[in-house]
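Engineer: below are the sequence and a predicted model; questions follow.
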Amino acid sequence: MAKAFRYGAWDGGPDPLDPPYDVRQALDDIGDDVLAGMSPRDALNRLLRRGSNDRDGLDSLRRQAMERARQLRRSGRLDGTLDKVKELLDEAVEQEKRALFPIPDDSARMAEAELETLPRDTARAVRELAEYQWRSPEARETYQQIKDMLRSEVLDAQFNGMKQAMQNATPEDFARIREMMSALNDMLDADARGEHTPEDFAEFMETYGEFFPENPENLEELVDQLARRAAAAQQLMQSLTPEQREEMANLMAQAMGQAGLADEMARLQQGLQSARPDLPWNGRTRMDGEQGMGFADATGAIAELADLDQLGELLDQDYPGASLDDIDEELVERALGRAAVDDMAQLRRIERELREQGYLQRGSEGLRLSPRALRRLGGTALKRVFASIESRGRGSHDVHDAGAAGEITGASREWRFGDEQPLDVVRSLRNTVLRTGGRDLEMAAEDFEVVETERRSSAAIALLVDMSYSMELRGTWGEAKTTALALHSLVTTKYPQDAIEIIGFSDYARVMSPNALVEHDWDRVQGTNLQHGLMLARRHLDKHRGADPMILVITDGEPTAHLAADGFADFAWPPTPQTLAATLAEVERCTRRGATINVFMLDDDPRLVAFMQELGRRNGGRVFQPKRGALGEFVVEDYLERRRGRRRAG
């Protein structure tokens, strides 16, 4: 049956017709760090911290968060509302005294005495003046400002933007706020029981949406907004001195009680804390500014500081299982703005595309480079080596006959069944034209000619790489790793008939894949067991009896370990005669096998030089001491020269 297809408008998201996202620069940046000795996970982390493609990385975003936090801590003091209340209270009292002074009756003198004996505690003084009969209209208005300010500060601290709505508020306005808070608390209670529905939230927002200018889309968003500010307000109170905290609490209780909002506010605080117990409800916050901040502004600053602290921890990525997916986009935008969100999106895309395009793989042991990435890494290392060779005036080393079974001689011959040589197309067509007279061209088997080639000799290469801890300490490990990957890439891509094996050696030796070499992590083990490395090299050569045997050794130290009779590594420094004898005995076995050992020394220690000269004398190989940065050039040149020598001999 024919399949039916339906077509429609594109519904957004990544365009399937867009070309693949270009991660080559990011991959090369990771490769640079891997070749310098980092693990793939650490290299990716460094890329994400540093940023890519002119976008800020995690470190830059974290610095921005820290700078913003410093600015907030210096923006003011937390006791600004108390200072303002005291200022208004003193002003109201002075205005009242001025109004009482010219009045000659006893009631005026009694009122003056009452004003003189007001408690020093601001909250108690404000409470005692609640029933006072003001003679001065200005003083009455100033005192009313205290109550209005406290109500607006408390409500604005909980409901952002309420301060403007509270200007010239009427009893009806307070009644509506009380209805809103009651409905909100009922909705939180229903949610705690599992009875809340999206329809309930939609109805609530339709009725009371003007109180929430941030326009949350669901109850979860609304709770997050309110709970963060409620937690910040509680932290603010705990950050005041005990005396300031008591005064502020009493003032707030009076203001909310007079407006009939105290019970609903306490209920809301409890409901929010139950809904979001993960927020920082406890603790103190230090603010070092000179100017006092209002309660609502201070609450907003503390809420922003909490966001910045949380963002800083997430950007640090210094916890098990850390991922960029942990970093909330809304949190980034609140704390650092839209540009930071775009930077995070770029970093997430780089990490995602490296996986989706097959460059990074996540296994049971964590993140690792895929074979595709390793091929690119090896190719990059090889290009760098060739670039170094060419910069020193040694000519180009591009290989144009990669994969060919032999060297082309320029002659051709008649094709025979079973031939694997490439066809000589021009001569084959010429034979057809001559046979048919140029009419009705139809090729026959007797027309075919093949290009004659000389069989190319193959080589078996054992590359021994010193992995003792001294390589890391001296800073030579990255260069050795780059060299090994470059040679492996050259052999496997340009000379596939050759067989190369990488052998790492420290206290013991082991065969290493390119991936294992890249991901090698350092253990502080002691020992440079060249003897064991040469043993594994001979096993590799024995698997390829018909190939030209070649052993290359990269090391920075003399042999300090060998395999004892029980099969365990025996370490000693300075080297014992037994270690030196066992290593030279293995050199003799390689020599009898016909393998040439060329050594590349990364240090000039006299004992190392003396031992390697003795090794060269016994084996007939050469000993090199390349300068820093020239190891890859020496090793690859040595391989190519020996290969050209085999070709000429063939």
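Structural biologist: That came through, no problem. Numbering: from 1, shown residues only.
Engineer: what sits against the residue lying closest to Ile146 once chain neighbours are set aside?
Structural biologist: Closest residue to Ile146 apart from its sequence neighbours, by CB to CB, 6 or more residues apart in numbering: Leu88 at 4.9 Å. Heads up, the C-betas are built off the backbone N, CA and C, glycines and all. Neighbouring residues of Leu88 by CB atoms under 8 Å, 6 or more residues apart in numbering: Thr142, Tyr143, Gln145, Ile146, Met149.
Engineer: in the stretch 201-350 of the chain, where is pLDDT below threshold?
Structural biologist: 319-322 (pLDDT under 70).
Engineer: now the helices for it?
Structural biologist: For the stretch 201-350 of the chain, applying DSSP state H, counting those that start in this stretch gives helices covering 219-239, 242-258, 262-275, 295-316, 329-336, 338-356.
Engineer: okay if I get the contacts of Leu88 as a markdown table plus secondary structure?
Structural biologist: Below are these laid out as a markdown table (DSSP: H, G, I helix; E, B strand; the rest coil):
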| residue | secondary structure |
| --- | --- |
| Thr142 | helix |
| Tyr143 | helix |
| Gln145 | helix |
| Ile146 | helix |
| Met149 | helix |
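Engineer: so which of these is the closest to Ala233?
Structural biologist: Met149 (15.9 Å; CB to CB).
Engineer: ok, now which ones touch that closest one?
Structural biologist: Applying CB under 8 Å, 6+ apart, the residues near Met149 are Thr81, Lys84, Val85, Leu88.
Engineer: check Leu580 too.
Structural biologist: Counted by CB under 8 Å, 6+ apart, Leu580 has contacts Pro559, Phe611.
Engineer: work out for me the element it sits within.
Structural biologist: According to DSSP states H and E, Leu580 maps onto helix 577-592.
Engineer: now swap in Val465 and tell me
Structural biologist: Using DSSP H and E, Val465 falls in strand 459-466.
Engineer: elements contacting that strand?
Structural biologist: helix 477-494, strand 499-505, helix 530-542, strand 548-555, helix 631-649 (3 or more CB pairs under 8 Å, 6 or more residues apart in numbering; DSSP states H and E).
Engineer: closest to Asp638 among the contacts of Met149?
Structural biologist: Among those, and counting by CB to CB, the member closest to Asp638 is Thr81, at 79.1 Å.
Engineer: and that closest one, what element?
Structural biologist: helix 80-100.
Engineer: quick one: that helix to chain centroid distance?
Structural biologist: Its chain's C-alpha centre and that of helix 80-100 lie 56 Å apart, by CA atoms, centre = their mean, to the nearest Å.
Engineer: next secondary structure after that helix?
Structural biologist: Along the chain past helix 80-100, the next helix or strand (assigned with DSSP H and E) turns out to be helix 106-116.
Engineer: after that next one comes which helix or strand?
Structural biologist: helix 122-128.
Engineer: alpha carbons of that following helix, in PDB - could you do that?
Structural biologist: Provided in PDB are the C-alpha atoms of helix 122-128 (Å, rounded to 0.1, in the frame of the first residue of the first chain):
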ATOM      1  CA  THR A 122      10.000  53.900  68.100                       C
ATOM      2  CA  ALA A 123       7.300  51.100  67.800                       C
ATOM      3  CA  ARG A 124       5.900  51.800  71.300                       C
ATOM      4  CA  ALA A 125       5.900  55.600  70.600                       C
ATOM      5  CA  VAL A 126       4.000  55.100  67.300                       C
ATOM      6  CA  ARG A 127       1.500  52.800  69.100                       C
ATOM      7  CA  GLU A 128       0.900  55.200  71.900                       C
END
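Engineer: and the gap between the residue nearest to Ser274 when sequence neighbours are not counted and Glu199?
Structural biologist: Leaving aside its sequence neighbours, Ser274 sits nearest to Ala192 (CB to CB, 6+ apart; 6.5 Å). Counting by CB to CB, to the nearest Å, the gap from Ala192 to Glu199 is 18 Å.
Engineer: between those two, which is the more surrounded one?
Structural biologist: Ala192 (12 against 8; other CB atoms under 10 Å).
Engineer: so Arg140 makes contact with Trp134?
Structural biologist: Yes. Between Arg140 and Trp134 a contact is recorded at 3.9 Å, counting by CB atoms under 8 Å.
Engineer: phi, psi of Leu429?
Structural biologist: Main-chain torsions, Leu429, degrees, to the nearest 10: phi -70, psi -40.
Engineer: what sits against it?
Structural biologist: Met443, Asp447.
Engineer: pLDDT score for it?
Structural biologist: Model confidence at Leu429, given as pLDDT, is 86.
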